[in-house]
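**Q** sequence-free structure coming up:
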Ligand SMILES: Nc1ncnc2c1ncn2[C@@H]1O[C@H](COP(=O)(O)OP(=O)(O)O)[C@@H](O)[C@H]1O
Ligand SMILES: N[C@@H](CC(=O)OP(=O)(O)O)C(=O)O
């Protein structure tokens, strides 16, 4: 039984909760995987898992609680460091170079890392490396202030400091505890990406081979624990630091797992696994024991923050790689295991996901074109405007689709851009749009659509919620419903009650 007040074991102040029990500073840590001679598992810890010195101790304890495994550890930045770095960059644009050192986010980052490093008693060398990174960070912010420019490339350099600091600190802490550990920046291992700053794609061909070579046992069996920066890579043409999109450390972990052809990657978070809904919407959401790669991808693509949308790609290529989502605040919870296939016989609903701030675009043919010409013209206009769509429903003469404008255009220009898009259809079709919509994605057993939709529409009807568009499409795992923004949360709560009885 779970303790009360702690349904999903998110960080929990309750003293009744085992997740809140702290681990004492430990000098009892034993080198894990000593007999393995090579990396046998990847363990990724997200920002919430390494938010401060105490959490880093807990993480070291978790790592050593698997004595049979030699792990490759992938870390995110401590706590909210990435947000602070990006905020510092924005504030630098309106701050004079001589005042950069006083920027609050920069001071917070320094304070967090210095306090934790002191607390963890890292050695002088690691202190020195961290101080020189903090200095470099300050100089970069001064540069941004002088140039009055914050390019995507500079944003990625800026964002990289979080992982570069956290990994140096953690590796030094493990060494201070008597373990063998070595820090790596992702590019030391050969993690190569496209040059799409802030959202780069991993280039698998060079990357997998290079990682396998870099982490292979060299002169005799490997005993040292590699501690690697998540989220980061180097662009193949520019050679500059890139980031893999927010939450990208999950992807770094699965890339390394696939490169080493491992059976398991563990991603440690602050929830008991992937849940039946976002716990910030449904506080009684339950852990889902098993998911397929496809389900996890759909769930992430349609907005569940818990996993990076690309994180299953390496697993799909490897096919034998299981991704296990675990809770570093409640390690006894089983978590969720994500695999290639699972038995769907008894599955109806798996998880309910919300994506907000969506725009619904209706395009109705003026009947000057046949059906084939109509659809190809509409998608030609999207291609010309570099617009990708999330959900689509078509009839012979009309098409409805959802756009996520915040991904395409600067927030200030969204209305102007949408008006320009509507104009682009002139002479072909009548287009109109509605903003402030939400997509509710039902990750479910689409083999049983009738049963699922009967329940969903019964419950939405009784709540007086009107569905504006619905799409099942080719996906075997997802039915999407578009509703007004203000109706989305009550709709999810009601559907959750209907399917999960809580
Ligand atoms: N379906 C879901 N299952 C679990 N967590 C979810 C879900 N949807 C959204 N979340 C949110 O995702 C968070 C975990 O993801 P994230 O913060 O990226 O973890 P980390 O930084 O530890 O890798 C949870 O705290 C929760 O608020
Ligand atoms: N630090 C990066 C990358 C990452 O994966 O973080 P987390 O694991 O805390 O979601 C971010 O905040 O986006």
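**A** Yep, it's here. Not measured: the values here are computed from a predicted model. Numbers count the residues shown, from 1 in each chain. Ligands and ions are numbered 1, 2, ... in the order given.
**Q** spatially nearest residue to residue 424, not counting backbone neighbours?
**A** residue 381 (5.2 Å; Cβ to Cβ, 6 or more residues apart in numbering). Just so you know, the C-beta spots here come from the backbone N, C-alpha and C atoms, and that holds for glycine as well.
**Q** for the host helix or strand of the one you found, name the packing helices and strands.
**A** Using DSSP states H and E, the element containing residue 381 is helix 371-384. With contacts taken as 3 or more Cβ pairs under 8 Å, 6 or more residues apart in numbering; DSSP states H and E, helix 371-384 sits against strand 398-403, helix 414-424, strand 429-444.
**Q** coming back round to it: the residue nearest to residue 424 contacts residue 423, correct?
**A** No: contact criterion Cβ atoms under 8 Å: residue 381 and residue 423 do not qualify, at 10.4 Å.
**Q** neighbour count for those two, which is higher?
**A** residue 381 (17 against 9; other Cβ atoms under 10 Å).
**Q** and the more buried one, how far is that from residue 427?
**A** 11 Å (Cβ to Cβ, to the nearest Å).
**Q** same deal with residue 458?
**A** Counting by Cβ to Cβ, the gap from residue 458 to residue 427 is 43 Å.
**Q** so between the two, which is more surrounded?
**A** The neighbour count for residue 458 versus residue 427, taken as other Cβ under 10 Å, is higher for residue 458 (11 against 8).
**Q** so what's that one up against?
**A** Shown in contact with residue 458 (Cβ atoms under 8 Å, 6 or more residues apart in numbering): residue 498.
**Q** what kind of secondary structure is it in?
**A** Counting by DSSP: H, G, I helix; E, B strand; the rest coil, the backbone at residue 458 sits in helix.
**Q** the protein against ligand 2: which residues are in contact?
**A** Within the chain, the positions adjacent to ligand 2 are 46-47, 76-77, 82, 162, 230-231, 246-249 by Cβ under 6 Å from any ligand atom.
**Q** of the residues you listed, buried ones?
**A** 46-47, 76-77, 82, 162, 230-231, 247-249 (16 or more other Cβ atoms under 10 Å).
**Q** dump those residues into CSV; add pLDDT and secondary structure as well.
**A** What follows is those, written out as CSV (pLDDT from 0 to 100; DSSP: H, G, I helix; E, B strand; the rest coil):
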residue, pLDDT, secondary structure
46, 98, coil
47, 98, helix
76, 98, coil
77, 98, coil
82, 98, helix
162, 98, helix
230, 98, coil
231, 98, coil
247, 97, coil
248, 98, coil
249, 98, helix
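**Q** tell me the two of those that are most distant?
**A** 162 and 247 (12.8 Å; Cβ to Cβ).
**Q** any chance of the buried ones among the residues of the chain next to ligand 2 in a markdown table with distance to residue 190 as columns?
**A** Formatted as a markdown table, these follow (distance: Cβ to Cβ, whole Å):
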| residue | distance to residue 190 |
| --- | --- |
| 46 | 23 |
| 47 | 24 |
| 76 | 20 |
| 77 | 21 |
| 82 | 23 |
| 162 | 21 |
| 230 | 15 |
| 231 | 16 |
| 247 | 22 |
| 248 | 17 |
| 249 | 17 |
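**Q** can you tell me the helix or strand for the nearest residue to residue 84 once chain neighbours are set aside?
**A** Leaving aside its sequence neighbours, residue 84 sits nearest to residue 105 (Cβ to Cβ, 6+ apart; 4.2 Å). When elements are assigned from DSSP H and E, residue 105 belongs to helix 104-119.
**Q** still on that earlier bit, okay, buried residues for the helix holding residue 381 please.
**A** Within helix 371-384, judged by 16+ other Cβ under 10 Å, the buried ones are 374-375, 377-378, 381-382.
**Q** tilt between it and strand 398-403?
**A** Put simply, helix 371-384 runs at 20 degrees to strand 398-403, going by axes from the mean of the first three to the mean of the last three Cα atoms, to 10 degrees.
**Q** returning to what we had before: in the helix or strand just after the helix holding residue 105, what's buried?
**A** Per DSSP H and E, the first helix or strand lying C-terminal to helix 104-119 is helix 124-147. Going by neighbour count (16+ other Cβ under 10 Å), the buried part of helix 124-147 is 126-127, 129-130, 133-134, 137-138, 140-142, 144-145.
**Q** contacts for helix 124-147?
**A** Contacts for helix 124-147 (Cβ under 8 Å, 6+ apart): 85, 88-89, 92-93, 95-97, 100-101, 103, 106, 109-110, 113-114, 117, 122, 150, 154, 157-158, 161, 164-165, 168-169, 171-172.
**Q** just the buried members of those residues?
**A** Counted by 16+ other Cβ under 10 Å, the contacts of helix 124-147 give 85, 88-89, 92, 95, 100, 103, 106, 109-110, 113, 117, 122, 150, 154, 157-158, 161, 164-165, 168-169, 171-172 as buried.
**Q** ok, back up a step: what distance separates the helix holding residue 381 from the middle of the whole chain?
**A** Distance of helix 371-384 from the chain centroid (Cα atoms, centre = their mean, to the nearest Å) equals 32 Å.
**Q** what does stretch 188-202 give?
**A** Chain-centre distance of stretch 188-202: 16 Å, with Cα atoms, centre = their mean.
**Q** now do the end-to-end distance for that stretch.
**A** 15 Å (Cα to Cα, to the nearest Å).
**Q** could you list the domains of the chain?
**A** As given by automatic domain parsing, the domain ranges for the chain are 24-339, 349-500.
**Q** assign a three-state SS to residue 481, would you?
**A** When classified by three-state DSSP, residue 481 comes out as strand.
**Q** just the pLDDT for residue 21.
**A** Per-residue confidence at residue 21 stands at 40 (pLDDT).
**Q** go on, residue 55?
**A** So, for residue 55, pLDDT stands at 98.
**Q** who's in contact with the residue nearest to it when sequence neighbours are not counted?
**A** Excluding the flanking residues, the one nearest residue 55 by Cβ to Cβ, 6+ apart is residue 49, at 6.1 Å. The contact partners of residue 49, taken as Cβ under 8 Å, 6+ apart, are 55, 58-59, 76, 268-270, 328-329.
**Q** got the end-to-end distance for stretch 385-402?
**A** Separation of the first and last residues of stretch 385-402 by Cα to Cα is 15 Å.
**Q** what sits up against that stretch?
**A** Residues from elsewhere that reach stretch 385-402 (Cβ under 8 Å, 6+ apart): 302, 355, 358-365, 367, 371, 374-375, 378, 382, 403-404, 408, 421, 424, 437, 439, 469-471, 473, 480, 482.
**Q** so which elements touch whichever strand or helix holds residue 350?
**A** Using DSSP H and E, residue 350 sits in strand 349-365. For strand 349-365, the packing partners by 3+ Cβ pairs under 8 Å, 6+ apart come out as helix 293-301, strand 398-403, helix 405-408, strand 429-444, helix 485-500.
**Q** and the third one, average pLDDT?
**A** Looking back up the chat, that one is helix 405-408. The model assigns helix 405-408 a mean pLDDT of 71.
**Q** all numbers from here: first residue = 51
**A** Happy to do that; since the first residue is 51 now, the last one works out to helix 455-458.
**Q** which of the helices and strands in this structure ranks last by mean pLDDT?
**A** Within the chain, no helix or strand scores below helix 455-458, which has a mean of 71 by mean pLDDT, DSSP states H and E.
**Q** packing partners for it?
**A** Using 3+ Cβ pairs under 8 Å, 6+ apart, helix 455-458 sits against strand 399-415, helix 464-474.
**Q** what comes up buried for that helix?
**A** Residues of helix 455-458 classed as buried by neighbour count (16+ other Cβ under 10 Å): 455, 458.
**Q** hmm, who's touching that helix?
**A** Contacts to helix 455-458, defined as Cβ under 8 Å, 6+ apart, come from residues 407, 409, 436-438, 464, 467-468, 485.
**Q** for this structure, what lies in contact range of ligand 1?
**A** 60, 96-99, 126, 297, 319-321, 324-325, 327-330, 354-356, 401.
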